[in-house]
Structures are given as C-alpha cells and as structure tokens.
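S.K.: 3D model of this:
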Amino acid sequence: MKKTLSLFLLLTMVATLAWAQKKLKPWNEWNEKEVLKMLNDSAWGQTQSDANISEMFYRPTAGGGGGATRPLDVPSGVGADNSSRSTQGALNQAVALNYRIRLLSARPIRQAFARRTEMLNPKLAEQLKAFAEQTTDKWIVVAVDFDSTDRRFSGQAMQIFGAANAAGLKNSTYLEVKNGKRIFLDQYLPPGNDGMGAKFVFPRMSENEPFVTEASGYLRFYSEVSKEIKLNMRFKISDMMYDGKLEF
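M.R.: Next up, the predicted model:
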C-alpha cells in the first residue's frame, strides 16, 4: 500500500513538473497552435461568438417583390436584399462573428502577437522582443479583433469599430471587478494595420489605489460599441499569474 502511494505521489510530482515546464516554455519557442491558444483561449485572451441567424431563412435575393421583413438582428446593409447575397447566395445557416477579446497590456498576449509576427518575419526578432517584454504601471489595455466566415459581417463590424470614438463609448464601456467597482474608458483607438484590432484603454489606478489586485476575483470587460455589438467578457484573476506575477 505504501509503495503504491509513493508511486502515485512520484507520478503526480513528475506530471506537475512537466506541466510547469511546459507552462514556462519561452514565448519565442511557441508554435502556431500555442500562439492561437494564448490569443483566443487563455487566461488573458477569450473569444465571444455571436451568431447572426439572418442567413438561416430563405428569401428571394432579387425581384421577389414579396416584401419580406428583415430579422431584427440583421445589421444595416446586410440581409436578404443585399447585392452580395445575390452574387454569393444564402448560406441557410447561422453565421458566427467572433470577437477576440484580449488583455493587450498583459505580457503573455503581447508575446503571442510578437511570436506570430516573428514566425512570419524572423528579422524583426529584436524589435519584437522589446514589444513583448515591456510593462506598464499606468494603463490596462483591452484589444478587440474580429473575424467571420462571411466577410459581409466582419466588414460591417470593421465599419462600426472604425467609426467609434472615446466620447461615444465612454459611458457604456468599463472594467469591473468582483466587488462591483468599475472604471470607465479613458481612450479608444480604432483598428489599425497592426493586426491587433481596436484598443480600449483604462487607468490602472482608481482613487489612488490599484484597480485590480489578486483579491479582485475577476476582471470583466463590457462595452456597448453599437446597437449590434455588445462585448461582455470575464477574466479570472487567479488564472492570470505568469512567471510569478499577476499579469493584466
């Protein structure tokens, strides 16, 4: 019995050590799968998928004259009478628009972006290292990118994010922690050419104290970008330790 228990403990220790070593694998050795995992399904990067059901319904694409009504969730410029629908045809299934919500001020996310670029262009390794390892004690930055199998929907999202501004988002965009305390948007940067999406910038300090601590429970990002786009993502604080430090 004692031998069995000792063997079990030994195997547990070996498995734990192997997991820790994998977790601490240098970012510049991550493969494509590990990069995508960090960006889209990790403690610092999550995916919100919204289904648009407009493509599930059959309606004539042209000359129908039936006066069919549009589902309430169809964005302006996208639907049954859209010219692109006439040329591409209806999919007859729900279409997902994926919002990639990432804590860009957290090193693991910047490292994933840096590694993705480095794999495409190794000559940029030194420049990317500076970007990947920099820290900030002033801002929390949430980056939101988006994609869809139907470019009509991702194109509509690009228009909305591109037209948004801090003044219009300020009262409906915030970070929240478990005790209900919120901190509202300070700056907004629309999507650019860096491939990281739109940036929502918040102060790290609130009333002269850090807004997020290890006791905060969770960090929730919420934004009503438009009537069509509402973002709501929660990050668990206890999962956000990285190299012995809370990263956000």
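S.K.: in the chain, which spans are strands?
M.R.: For the chain, the strands defined by DSSP state E cover 45-52, 95-103, 139-148, 173-177, 182-184, 187-189, 198-203, 205-206, 209-210, 218-224, 230-236, 241-242, 245-246.
S.K.: Figure out which of these is closest to Ala164.
M.R.: strand 187-189 (6.4 Å; CB to CB). C-beta: built from backbone N, CA, C; applies to glycine.
S.K.: Can you tell me which helices and strands the closest one packs against?
M.R.: With contacts taken as 3 or more CB pairs under 8 Å, 6 or more residues apart in numbering; DSSP states H and E, strand 187-189 sits against helix 166-169, strand 198-203.
S.K.: I'd like the ones you listed laid out as a markdown table, including mean pLDDT and mean neighbour count.
M.R.: Below are the helices and strands packed on strand 187-189 laid out as a markdown table (pLDDT from 0 to 100; neighbours: other CB atoms under 10 Å):
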| stretch | mean pLDDT | mean neighbour count |
| --- | --- | --- |
| helix 166-169 | 98 | 14 |
| strand 198-203 | 98 | 21 |
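S.K.: check contacts around Glu214.
M.R.: Ile237, Ser238, Leu246 (CB atoms under 8 Å, 6 or more residues apart in numbering).
S.K.: likewise Arg234?
M.R.: Going by CB under 8 Å, 6+ apart, Arg234 touches Tyr218, Leu219, Arg220, Phe221.
S.K.: hang on, the second one packs against Pro210?
M.R.: In this case it means Leu219. No: look at Leu219 against Pro210 with CB atoms under 8 Å: they stay out of range, at 11.9 Å.
S.K.: Kindly reformat the strands of the chain as TSV containing distance to Ala164.
M.R.: Below are the strands of the chain laid out as TSV (distance: least, CB to CB, whole Å):
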stretch	distance to Ala164
strand 45-52	17
strand 95-103	14
strand 139-148	10
strand 173-177	9
strand 182-184	15
strand 187-189	6
strand 198-203	7
strand 205-206	24
strand 209-210	28
strand 218-224	9
strand 230-236	11
strand 241-242	30
strand 245-246	30
